[in-house]
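In: This is a predicted model, with the sequence first.
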Amino acid sequence: MEKNNKNLRLYPKYRPLSRDFLFFYTINVLFLTQIKKIDMSSVVLVDTFYALFVILFQVPATMIIEKVGRKNGMVIGNICNAIYLIIVMNSENLIHLILAELICGLAFGLKDIAEPSILHESIVSSNVEKSNIFARIQGNAVSGYYILSAVSLVLSGFLYEINGYIPISLSLLIVLITIIMSTRFEEVKPPKEENKEEVSLKEAIIFSIKSKRCRCLLIYSAVFYGIISVLGTYEISLLENIGIASKYIGISFAVLNIVSAISSRKQYLFQKKFKNRTLSVIGILLSISIIVSSGITLLEFNLPMMLITIFIMYIIKYIVVGLYNVLLIKYLSNFTNSKIDTKIFAINSFANSITSVIFGLFAAKLLKIVPISNAMLVFGTFSLIVIIITLVYMKNKVGLEPTQYSKYELKYDNKN
């Protein structure tokens with residue numbers, strides 16, 4: 001089936017390039033603080049503006065995709081990303097960066113809805129098989145991204161030391177390639193009978209609230225995403241704080257991205273082992289990794305011991321992030337069809353962005369009060385408490401057999 005489906009062949013090649021800004025992702029903090037002379041707390045705040053703009057653009061992005069289609073939504077999103085990078089390259093103050101984040105918010109608002117949706121709707125199969133195919137292709141795509149990211153991370157540190165503008169220029173080139181690739185996808189049209197029963201965004205929101213399973217998954221996804229959105233800046237800052245050079249930071253995160261690549265590709269093994277405890281395990285492990293990696297820097301250990309401990313904790317964090325990036329989308333796509341899937345992805349992105357804003361403001365405030373090690377320890381403790389509360393709430397609502405869910409929960413099952 002995949003050999004004869006253009007979208008399924010193209011997606012694993014396209015998604016690794018389009019998922020994030022290769023070459024620029026890890027050194028963006030260095031670029032903004034050293035080249036653009038923006039202080040660290042403002043950089044965290046800029047990331048929060050991005051999340052805020054994603055929230056504001058969720059409804060417009062959904063409406064745009066419904067009007068122009070999933071394929072054109074991807075094309076527009078990639079064009080916006082190119083504009084974002086051009087503005088950042090030529091920015092002179094914080095206002096320019098906020099404008100750039102506004103455009104980037106629209107870009108990923110469109111892409112986060114359209115890209116998983118076009119993959120989901122390109123798979124023609126039974127519900128269970130469709131879910132497995134979706135997870136496998138998504139896992140391969142995410143794995144490919146992490147491998148490319150690992151290569152770019154190794155190179156970006158060295159290239160940044162040659163000239164701070166080289167990594168962002170290469171990132172712009174890759175975005176231009178994704179624009180071309182996104183035009184090659186074929187728009188997926190639902191069967192005619194489904195066109196008569198289109199689900200509105202309001203109806204999708206009501207469903208996501210009333211469905212215990214969907215509501216729990218959205219809450220968990222939002223909490224997890226909010227945590228890792230902060231860690232992207234905290235982790236780099238922690239290494240900088242103990243005196244690690246940018247090129248070694250790049251190499252470290254390259255190795256960590258390979259770890260995520262392996263875990264995302266092998267997500268089915270983790271799920272097979274822990275089954276309905278999968279989300280509990282990855283949530284707890286994420287929180288513990290934050291607490292230990294930051295706490296070790298406050299103790300009087302020598303530098304080698306400190307670095308080994310931090311790196312082990314970072315490995316654990318990148319394993320669970322690799323799993324999260326595949327499994328949460330898979331779980332959300334279960335029991336959904338073309339009538340509602342784009343809306344569910346939009347609601348998920350909206351919820352993720354809300355927690356990213358809240359957690360980002362909290363994280364920025366912490367950095368103004370205490371050093372990075374203390375801030376990360378406090379944030380890790382906060383994350384553990386929130387994760388535990390979320391998991392307690394989810395008990396007996398997620399991870400059930402299909403026959404254990406109510407008829408309402410299965411309202412948008414592909415069989416219905």
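Out: Cool, got the structure. Computed from a predicted model, the values in this text were never measured in an experiment.

In: Output the lowest mean pLDDT helix or strand found in this protein.
Out: helix 192-195 (a mean of 48; mean pLDDT, DSSP states H and E).

In: Could you check the helix or strand just after it and say which residues are buried?
Out: Downstream of helix 192-195, the next assigned helix or strand under DSSP states H and E is helix 201-210. For helix 201-210, burial by neighbour count (16 or more other C-beta atoms under 10 Å) applies to L201, A204, F207, S208. In short, each C-beta sits where N, CA and C put it, glycine included.

In: for stretch 374-384, same thing?
Out: Buried, per 16+ other C-beta under 10 Å, within stretch 374-384: N374, A375, M376, L377, V378, F379, G380, F382, S383, L384.

In: Tell me who's in contact with the last one.
Out: Taking C-beta atoms under 8 Å, 6 or more residues apart in numbering, we find L384 in contact with I284, S287, I288, I290, I291.

In: pLDDT below threshold where in the chain?
Out: For the chain, the stretches with pLDDT under 70 are 1-4, 26, 41, 44, 125-128, 190-198, 246-247, 338, 414-416.

In: Longest helix in it, please.
Out: helix 127-162 (DSSP state H).

In: how much distance is there from the helix or strand that it is followed by to the middle of the chain?
Out: Counting by DSSP H and E, the next helix or strand C-terminal to helix 127-162 is helix 166-182. Here helix 166-182 shows a centroid-to-chain-centroid distance of 19 Å under the convention C-alpha atoms, centre = their mean, to the nearest Å.

In: What lies in contact with helix 166-182?
Out: Contact with helix 166-182 is made by 10, 13-14, 17-18, 21-24, 27, 31, 71, 74-75, 78-79, 81-82, 85-86, 88-89, 152, 156, 159-160, as judged by C-beta under 8 Å, 6+ apart.

In: which residues are in contact with stretch 225-237?
Out: Counting by C-beta under 8 Å, 6+ apart, 26, 29-30, 40, 43-44, 47, 51, 249, 253, 286-287, 290, 293, 314, 317, 321, 324, 352, 355-356, 358-360, 363, 367, 372, 375-376, 379, 383, 386-387 sit against stretch 225-237.

In: Let's verify the residue in the chain sticking out farthest from the centre: helix, strand, or coil?
Out: Relative to the centre of the chain, and counting by C-alpha atoms, centre = their mean, the farthest-placed residue is E300 at 34.9 Å. Following DSSP: H, G, I helix; E, B strand; the rest coil, E300 is assigned to coil.

In: Distance check, it against M306.
Out: 10 Å (C-beta to C-beta, to the nearest Å).

In: could you pull out the helices for the stretch 301-416 of the chain?
Out: Taking DSSP state H, counting those that start in this stretch as the criterion, the stretch 301-416 of the chain contains helices spanning 303-333, 341-369, 372-394.
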